[in-house]
Structures are given as C-alpha cells and as structure tokens.
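K.L.:
Sequence and predicted structure are below.
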Amino acid sequence: MASASAVPSVRPAPADPNTLNPAVWPEHAGRDARGVLVVGGVPADELAAEFGTPLYVVDEAAARSRAARLRTAFEAAAAGIGTDVTVYYAGKSFLSGAVVRWMTEEGLGIDVCTGGELAIALAAGADPARMGFHGNNKSSAEIERAVAVGVGAIILDSEAEIDRVADAAARAGRVQRVRLRVNSGVHASTHEFLATAHEDQKFGVPLARAVELATRIRGRDSLEFLGLHCHIGSQIFDASGFGESAARLLGVHAELVRLGPVPELNLGGGFGIAYTEADDPRPIEEIALGIADRVAAACRDLDVAVPKLAFEPGRSIIGPAGVTLYTVGTVKPVPIEGGTRTYVSVDGGMSDNARTALYGAAYSARLASRTSDAPPALVRVAGKHCESGDIVVDQEHLPADVAPGDLLAVAATGAYCWSLASNYNHVARPAVVAVRDGRARVIVRGETEADLLARDLGLDAAQDAGHGASVAAGAPAPTVSTAAEGAAE
Ligand code: LLP
C-alpha cells in the first residue's frame, strides 16, 4: 500500500483519485459499471487484453471534433473581420495515414516539416496543394520532391533557401508558392510572452530583413510570394502573444503590400491544452477572436486590407484525444529526505513519452482497470528504462492501494509522444489504436522484437565479416576492406 503521507506535493490531492477531469481526459472517456476506464466506447481492460501495453489509444471522434471546432472557430473569427482562413494540421505532433485522413475529412490542410512527413501525407492521399512544407535545413532532395509533387507552399526559412527553392522550381519548370518565415521577436510559452528585438534561435529570418528578402523572392520568376509566416512557440494559453506577433508582422506586411501583392499572413500553431488541473487554456473561440481583433485593428491603423489568415495547430487537436495505457509492474516505497516517495513503475517510459524527461512536462494519471476506495497517495510514475530520469508522471495522486497488475492510463498523450518515441534500451515502440463508437482498430502497428532485430546487419557473424550473400534492400552494408584483408589477397 502506497504511503498517504509522502513528500510535499506540488499538486493538490483530489477528493477522489478516481475522477476523470473533463478538461484533461478525452471527451468520450468515462468509467463503466465495473469502474473500468472507457475511451471511445472501449474499456481499457479489453484494449490491454487485445493489444497489450504500453498502448497509445486515440479517440477518433475527439480528434475529429477538435479539428472541426478549431477550424470553425478560426473561420468564424476570420469572417468577422472580412477575411478567410486556412487551418493546417501540424503533422509533427502525430502523423499517420489514418490521422491524415481524419484531418483532411475535417477540412484541414497538412503541415509537414520533413521528407518523411511529406511521404506519409502523400501516401495517405492528402492533396499536396493543401500542404505547407517547413524545415530550417531542407535537403535538395526534399525541396525537389516538394516542388515536383506540387506542395501548396514551401516556407522559406533562410536567405539561402530562396535560391535553392527558386532553382529547383525553375529546373522543374514550375512556379512555386512560398512564404517567408520571420522572427517577430515574440516568444511565448503557456500564459506569458516575452517580446524582444532579436531572437537567438535557428528558425526563420529577422523581421528587419523581411522586405529585402521578399524583394529577392519577387525577383525570381519561379517563385510566387504568398506572405509572411511566424510561429511564436507552443503550449500557449491565450491570444496576447499571437496578437502582439501579428501586429509586428503586419507592420512589415504593410510595407510589402506597397511593393506588390501579399495575399496571406500565417501565424503558425502553438495553442495550449490542459495536461493537469493546473492548466487553464482559454477556449479556442476566444483565442481566435482575440487574434482576429488584433489583426483587424493593426490593418486599420496601417490602412491595409486584412490578408487571408493561416494557422498550423498540432497539439491542440491531437493532444487531448490521446491516452497511453500501461501495466503497473513494481510499486516501491523509497525513503527520501522528509518522507517516503512511492515509485510506481510501468511497462513503458521515456521511449514512448519523452516529454517529461525532455521538458519537465506534467501529466495526469488514473487507475484504468478499476476504481478504489483507498485514499489518494502521492506517487511518481516511472518507466522501465535504465535511467533515473525515466519519469512518466512526476507527481500524481493515485489510490493508495495501486498494485502490480493494475492498468494505468496517462491523459493527453496524443501529441509529441508517439512522434518523439525511440527504441531506447531496445524497447519496441507501442501500437497506436484508434477507438470510436465501441470499436478499436490498430492504426499504427506496434514494433516487435523481430523489427528490432531486422535492421541490425551485424547479428549474422558471417555477414558482419563481409561474407554474407546479401543484405537487406535499401540498407547495404558498407564494404570495408581492412589492411589485413588487403594483404591477404
Ligand atoms: N508550426 C510550426 C512552424 C511549428 O514549429 C510547430 C511546432 C507547429 C506549427 C505546431 O505547434 P503546436 O500547435 O503543436 O504547439 N516537442 C515539443 C513541441 C515542439 C513544437 C515544435 N513546433 C513538445 O512536446 O512540447
């Protein structure tokens, strides 16, 4: 039994550690008559029995309705200031064939930032004309492919990319639409933003150079300039940082309008979600209206027409739709300064959710296979990796009788968990299962031990010595000729 009087908590103890806060858990999550967590109509114990744990579970209806709500919110806000808007789903948050289709069917474009993301989106049938292609270091092959398939816009991230993309488009006999990514000097995270003149980061170009670089873009026949792009950060809770950034961008946009057409303004993504009860993001409708108001006011002051707007949300669409299921393996009371900390170790960890280790992210966890009348106990949920920083949930209150064999669910893992997953310690990456209306289907197969072994070309001693008959297609083993071999020949 976990100790109820452990170490000081940064989180308030809930009256009932079985409750599912609707701000944090997917909109279709609840408990059945047995007390088992149900997501999308499917009980967690059935999911675990059929697909194993760890398991990423995505509530399809929640993902779709969040996409639709976000699009509608921005469309309404844009219409209120006499313009329209394109919403792109930021694929870096979680991209798979099924998700591409959901987002496309909900009327969103797809934002990709590597050749791999582009390949998935294309393979899933997304219209390249409704895609944006990002990246601060796009390869020539990535640029050529994006141009060849007719990507709707390539976001130029540096001065060097102007000629790279222009030359690739010229070679392909195409005119490529481009945006110019600038740094507005506004950094935002959660409920604060900081505005500076200069930004020390790798993305984009300084706002002060935008006119000069846009003029260069316009000087290339193979490019069509759409406008400025800016992304100020991620997990942002209100409109103020976006508004400030938009106002700064529009000052330069107005100068550019005097020199030629500037149809668009892309304000990026970054809308925040609640990971725990402490997070309080403003409703997306309020954020959309707040940004639109600021855009309209700036355009009035500058005497320019309101441009078409674009946004690229990822986390705010897919994050709250995801839940990760784990099985508890070990519960260990650890004596520490001031008390006892209870470590609840689960069968996954930093390989399926790197965010706690990487960013100190906070999460919410609940028993998934049952409820309990035991009092809440403060615990730390740890993974199974060979690293002390392998924490899944740093602090959470679970029923004090949490025990080996219990299923544990972690909320809001839909964004940047699967996409940041690794094979650390040769742990296979879990499957992703979509649940909807009581049915579950695998949308990304989990890795197997065979997958882990398949790419290791050194397992076969003969092959490793260079005497193998063949190597896997696409991954030829380099031919190494050592001095000793050379001498023997
Ligand atoms: N557009 C651009 C240009 C971006 O760089 C990003 C995120 C987005 C859109 C989507 O942002 P979102 O709406 O998802 O916040 N791995 C970190 C987040 C990195 C975000 C990178 N760029 C995390 O797990 O918190």
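P.N.:
In hand now; what should we look at? As the structure is a computational prediction, the values presented were derived from the model and not from experiment. Numbers count the residues shown, from 1 in each chain.

K.L.:
Could I get the average pLDDT for stretch 38-46?
P.N.:
Taken as a whole, stretch 38-46 has an average pLDDT of 98.

K.L.:
List the buried residues in that stretch.
P.N.:
Neighbour counts over stretch 38-46 (16 or more other C-beta atoms under 10 Å) mark Val38, Val39, Gly40, Gly41, Val42, Pro43, Ala44, Asp45 as buried. The C-beta positions use only the backbone N, C-alpha and C, and glycine is treated the same way.

K.L.:
so who does the closest residue to the ligand within the stretch 51-200 of the chain touch?
P.N.:
The nearest approach of the stretch 51-200 of the chain to the ligand comes at Ala90, 3.5 Å away (C-beta to the nearest ligand atom). Counting by C-beta atoms under 8 Å, 6 or more residues apart in numbering, Ala90 makes contact with Asp111, Gly269, Glu312, Pro313, Gly314, Arg315.

K.L.:
Between the two ends of stretch 341-350, what distance do you get?
P.N.:
20 Å (C-alpha to C-alpha, to the nearest Å).

K.L.:
Ser240 versus the residue lying closest to the residue of the stretch 51-200 of the chain closest to the ligand once chain neighbours are set aside, what's the distance?
P.N.:
Spatial nearest neighbour of Ala90, excluding adjacent residues (C-beta to C-beta, 6 or more residues apart in numbering): Gly314 at 3.1 Å. For Gly314, the distance to Ser240 equals 21 Å [C-beta to C-beta, to the nearest Å].

K.L.:
more crowded one of these two?
P.N.:
Using other C-beta atoms under 10 Å as the criterion, Gly314 and Ser240 rank with Gly314 on top: 24 against 19.

K.L.:
The more buried one contacts Ala415, correct?
P.N.:
Yes: if you go by C-beta atoms under 8 Å, Gly314 and Ala415 touch, sitting 5.9 Å apart.

K.L.:
so what's in contact with these two at the same time?
P.N.:
Joint contacts of Gly314 and Ala415 (C-beta under 8 Å, 6+ apart) are Ser93, Phe94.

K.L.:
In contact with Ala169, which residues?
P.N.:
Ala169 neighbours (C-beta under 8 Å, 6+ apart): Val147, Val175, Gln176, Ser222, Leu223.

K.L.:
what helix or strand is it on?
P.N.:
Using DSSP states H and E, Ala169 falls within helix 159-172.

K.L.:
need the residues of the stretch 151-300 of the chain near the ligand, please.
P.N.:
Residues of the stretch 151-300 of the chain lying near the ligand by C-beta under 6 Å from any ligand atom: His231, Ser234, Gly268, Gly269, Gly270, Phe271.

K.L.:
So what does Gly115 look like in phi/psi?
P.N.:
phi -60, psi -30 (degrees, to the nearest 10).

K.L.:
List the contacts of it.
P.N.:
By C-beta under 8 Å, 6+ apart, the neighbours of Gly115 are Ser139, Ala141, Glu142, Arg145.

K.L.:
Swap in 10 Å and give it another go.
P.N.:
Contacts for Gly115 (C-beta atoms under 10 Å, 6 or more residues apart in numbering) come out as Phe133, Gly135, Lys138, Ser139, Ala141, Glu142, Ile143, Glu144, Arg145, Ala146.

K.L.:
any idea how the protein splits into domains?
P.N.:
29-59+320-447, 81-318, 459-488 (automatic domain parsing).

K.L.:
What segments of the protein are helices?
P.N.:
With DSSP state H as the criterion, the chain has helices at 44-51, 60-80, 97-105, 115-123, 140-149, 159-172, 210-218, 240-259, 284-302, 315-318, 355-359, 449-454, 461-464, 483-488.

K.L.:
could I get those as JSON lines with distance to Val24?
P.N.:
Output for the helices of the chain, formatted as JSON lines (distance: least, C-beta to C-beta, whole Å):
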{"stretch": "helix 44-51", "distance to Val24": "16"}
{"stretch": "helix 60-80", "distance to Val24": "12"}
{"stretch": "helix 97-105", "distance to Val24": "21"}
{"stretch": "helix 115-123", "distance to Val24": "28"}
{"stretch": "helix 140-149", "distance to Val24": "37"}
{"stretch": "helix 159-172", "distance to Val24": "40"}
{"stretch": "helix 210-218", "distance to Val24": "40"}
{"stretch": "helix 240-259", "distance to Val24": "23"}
{"stretch": "helix 284-302", "distance to Val24": "16"}
{"stretch": "helix 315-318", "distance to Val24": "14"}
{"stretch": "helix 355-359", "distance to Val24": "15"}
{"stretch": "helix 449-454", "distance to Val24": "33"}
{"stretch": "helix 461-464", "distance to Val24": "49"}
{"stretch": "helix 483-488", "distance to Val24": "61"}
